[in-house]
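Asker: Here is my input, please return the structure:
(chains A and B)
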2 protein chains.
Amino acid sequence: VITEGGIARLTGALRGLPELHRGEVWLAGAGPGDPAHLTLHALAGLMQADTIVYDALVDQRVIELAAPGAQRIFAGKRGGRPSAKQADINGELVRLARQGARVLRLKGGDPCVFGRGADEMMTLARHGIPFRLVPGITAGLAALSMALIPATARGVNRGIFLATGHGAAGDDDWSDWAAVAQLGQPIVLYMALARIEAIVRGLLAGGLSATTPAAVIAAATLPTQRLAITALADLPDAITGNDIAPPAIVVIGDIVRTRAELTTLMPLLAQEALA
Amino acid sequence: VITEGGIARLTGALRGLPELHRGEVWLAGAGPGDPAHLTLHALAGLMQADTIVYDALVDQRVIELAAPGAQRIFAGKRGGRPSAKQADINGELVRLARQGARVLRLKGGDPCVFGRGADEMMTLARHGIPFRLVPGITAGLAALSMALIPATARGVNRGIFLATGHGAAGDDDWSDWAAVAQLGQPIVLYMALARIEAIVRGLLAGGLSATTPAAVIAAATLPTQRLAITALADLPDAITGNDIAPPAIVVIGDIVRTRAELTTLMPLLAQEALA
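Answerer: I've put the predicted structure just below:
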């Protein structure tokens, strides 16, 4: 159903996008995983780059959209695997740009939503290297869509709080979960599995009800996508009991109920969307 | 620099995307404005739809990527213009699907981030009409990227609160800005211009400092894009003094300082990014 005319219009749109110049770096988001969620701008970066520096969360099918001759540099940072240090990645981007490469720095989700894009921008600016920010669909919001949980719903919430649950050494040990609970708005947590017990404890102590609906969505948009729906107090057990592993997004709040309302009305949705 | 090989790989990826069937509705996000930020999935919807129901915030260049014969139905809801009621839009989607159309419901940003996607999903499910959610880049996060303001930065913030400032008749009059202030994390406001004075007053009363950095970004990603940077207490004056009109995103928090740090290091960035 994709016609020649459609491809011609698309090609015209791609040709109108900015050029990735020699010695320049694009900090681009690849979205949540499935190449379906890649933007035209990120795609134009993939097509033009002669060097791609990519993260562990970037799907192989996305990388395959690049020119066959492009150099691919893996710069993943995932628990358990040998990982590149952020300072090394920053240095590599500077080195490649100075060699005159057209560099695409490709990250899962959005480069500036818990993605260290700020660090990399600042490094490039400090070295006088021209760069461009190319937004991507952030994993937290994509995961909600895949689970048929709207980020906002009229009469339910007026805002949504996106937060990292990661508390690695060197980071501030911010953990004001009581203030988050007091906000009374849904919470979307990135990288929260390792500290989920402490986070749930903090939210309960801050006043959230133990029965607040909660969900965890692993590998959103990928064939390995999984979903567990539970109550706030049971979230740690639901994660271990269902063998849910990173990457995963946790969502806590009344918006989670929407999925049950939808699938009750239309049982087929439950199968189509998620296991 | 977009090669034939690149187009062939892209065409292959598009052909692998789901089919938009007769009698089905895709609720898709068109992203912040510029077609550069459209995803492949939304694009596949545009290419396959025979009826497109679109909002005021969807750029004309996006609509032009659709098949020339596709029916285009404007369903904008913007202050000051004749506007479609949400119930009418819901009814129209049901009617079109029942007629056997391939319907693309296209919204600015993401359909489920302050976009009434929840309402429309629920209506479709209630009438047994198959649908699919296709996420888009939400305007709030895209606006930050355009302004070179990272949504998160290590050592600065651990989360970000997205909220609507809109308090139209019929909505709850939620306005717990004191709790938002107590959170101590950056705030991104959608549709907040009309009520900005009350919001700023609430945040100041809640404990935010009058000198907290703030920015307003209008028409993000479009040629008419504009930016004003100020302090929280001066936000209402900065909006009126610079004639800033909707659509606009307001951001409040220390992350706003990053733009000044970047443009001091690299003055060219300021010109390239925004006026």
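Asker: The residue nearest to residue A:115 when sequence neighbours are not counted: neighbour count?
Answerer: Nearest-residue entry for residue A:115: residue A:107, 4.8 Å, with adjacent residues in sequence omitted and distances by Cβ to Cβ, 6 or more residues apart in numbering or on different chains. To be clear about C-beta, it is placed using only N, CA and C from the backbone, and glycine gets the same treatment. For residue A:107, the neighbour count with other Cβ atoms under 10 Å in any protein chain shown is 28.
Asker: Next: residue A:239.
Answerer: With neighbours defined by other Cβ under 10 Å, the count for residue A:239 comes to 21.
Asker: Helix, strand, or coil at it?
Answerer: At residue A:239 the chain is in helix, as set by DSSP: H, G, I helix; E, B strand; the rest coil.
Asker: Would you check that it makes contact with residue A:195?
Answerer: No - at 11.4 Å, residue A:239 does not count as touching residue A:195 under the criterion of Cβ atoms under 8 Å.
Asker: Could you pull up the contacting residues of the residue nearest to residue A:115?
Answerer: The contact partners of residue A:107, taken as Cβ atoms under 8 Å, 6 or more residues apart in numbering or on different chains, are A:27-30, A:54-55, A:57-58, A:115-117, A:136.
Asker: what's the answer for residue A:61, then?
Answerer: Applying Cβ under 8 Å, 6+ apart, one finds that residue A:61 lies in contact with A:34-35, B:13.
Asker: again with residue A:137
Answerer: Residues near residue A:137 by Cβ under 8 Å, 6+ apart: A:29, A:31-32, A:37, A:39, A:109-110, B:39, B:110, B:135-137.
Asker: Make a ChimeraX selection of whichever of the residues you listed turn out to be buried.
Answerer: Buried members of those, defined by 16 or more other Cβ atoms under 10 Å in any protein chain shown, are picked up in ChimeraX with:
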select /A:29,31,32,37,39,109,110 /B:39,110,135,136,137
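Asker: from the contacts of residue A:137, which single one is nearest residue A:207?
Answerer: Closest approach between the contacts of residue A:137 and residue A:207, by Cβ to Cβ: residue B:110, at 29.3 Å.
Asker: Low-confidence stretches in chain A?
Answerer: A:77-83, A:167-175, A:270-275 (pLDDT under 70).
Asker: before we move on, the earlier item: can I get the contacts of residue A:137 in TSV including distance to residue B:124 and secondary structure?
Answerer: Shown next, in TSV, are the contacts of residue A:137 (distance: Cβ to Cβ, whole Å; DSSP: H, G, I helix; E, B strand; the rest coil):
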residue	distance to residue B:124	secondary structure
A:29	29	strand
A:31	24	strand
A:32	23	coil
A:37	21	helix
A:39	26	strand
A:109	28	strand
A:110	28	coil
B:39	21	strand
B:110	17	coil
B:135	17	coil
B:136	18	coil
B:137	23	coil
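Asker: Could I get the full set of strands for the stretch 151-275 of chain A?
Answerer: A:159-164, A:187-190, A:213-218, A:226-231, A:248-252 (DSSP state E, counting those that start in this stretch).
Asker: so which of those comes closest to chain B?
Answerer: With Cβ to the nearest Cβ, the closest approach to chain B among those belongs to strand A:159-164: 3.2 Å.
Asker: Flag every buried residue along stretch A:18-25.
Answerer: By neighbour count on 16+ other Cβ under 10 Å, the buried set for stretch A:18-25 is A:20, A:24-25.
Asker: how about residue A:88, what does it touch?
Answerer: Residue A:88 touches residue A:75, counting by Cβ under 8 Å, 6+ apart.
Asker: can you tell me which helix or strand it belongs to?
Answerer: helix A:86-98 (DSSP states H and E).
Asker: what separates that helix from the chain centre, distance-wise?
Answerer: Centroid separation between helix A:86-98 and its chain, computed with Cα atoms, centre = their mean, to the nearest Å, is 22 Å.
Asker: Report the buried residues of that helix.
Answerer: For helix A:86-98, burial by neighbour count (16+ other Cβ under 10 Å) applies to A:86, A:89-90, A:92-94, A:96-97.
Asker: can you tell me which of those lies nearest to residue A:253?
Answerer: Minimum distance to residue A:253 across those is 31.7 Å, recorded for residue A:86 (Cβ to Cβ).
Asker: re earlier: quick check: phi and psi on the residue nearest to residue A:115?
Answerer: Backbone geometry at residue A:107, expressed as degrees, to the nearest 10, gives phi -120, psi 150.
Asker: so it bridges to which residues?
Answerer: Counting by DSSP bridges, residue A:107 is bridged to residue A:29.
Asker: Tell me which stretches of the stretch 51-200 of chain A form helices.
Answerer: All helices of the stretch 51-200 of chain A, identified by DSSP state H, counting those that start in this stretch, fall at A:60-63, A:86-98, A:117-126, A:139-146, A:177-183, A:196-205.
Asker: which of those helices sits most buried?
Answerer: Neighbour counts (mean count of other Cβ atoms under 10 Å in any protein chain shown) averaged over each of the helices of the stretch 51-200 of chain A peak at helix A:139-146, with a mean of 28.
Asker: picking up where we left off before, would you mind giving the strands of the stretch 151-275 of chain A as TSV with mean neighbour count added?
Answerer: Output for these, formatted as TSV (neighbours: other Cβ atoms under 10 Å in any protein chain shown):
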stretch	mean neighbour count
strand A:159-164	25
strand A:187-190	26
strand A:213-218	25
strand A:226-231	19
strand A:248-252	26
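Asker: Export those as CSV, with columns for distance to residue A:46.
Answerer: Formatted as CSV, those follow (distance: least, Cβ to Cβ, whole Å):
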stretch, distance to residue A:46
strand A:159-164, 26
strand A:187-190, 24
strand A:213-218, 26
strand A:226-231, 28
strand A:248-252, 25
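Asker: Could I get those strands in CSV, plus columns for distance to chain B?
Answerer: Shown next, in CSV, are the strands of the stretch 151-275 of chain A (distance: least, Cβ to the nearest Cβ, whole Å):
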stretch, distance to chain B
strand A:159-164, 3
strand A:187-190, 8
strand A:213-218, 13
strand A:226-231, 14
strand A:248-252, 12
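Asker: So for residue B:71, which of these sits nearest?
Answerer: Short answer: strand A:159-164, nearest of these by Cβ to Cβ, at 33.8 Å.
Asker: ok, so of the buried residues of helix A:86-98, who is nearest residue B:161?
Answerer: Closest to residue B:161, out of all of the buried residues of helix A:86-98 and judged by Cβ to Cβ, is residue A:86, at 25.6 Å.
Asker: wait, isn't that closest one in contact with residue A:116?
Answerer: Yes - between residue A:86 and residue A:116 there is a contact at 6.0 Å, judged by Cβ under 8 Å.
Asker: could I get the contacts of residue A:61 as CSV with secondary structure, neighbour count and distance to residue B:180?
Answerer: Below are the contacts of residue A:61 laid out as CSV (DSSP: H, G, I helix; E, B strand; the rest coil; neighbours: other Cβ atoms under 10 Å in any protein chain shown; distance: Cβ to Cβ, whole Å):
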residue, secondary structure, neighbour count, distance to residue B:180
A:34, coil, 23, 34
A:35, helix, 27, 36
B:13, helix, 18, 41
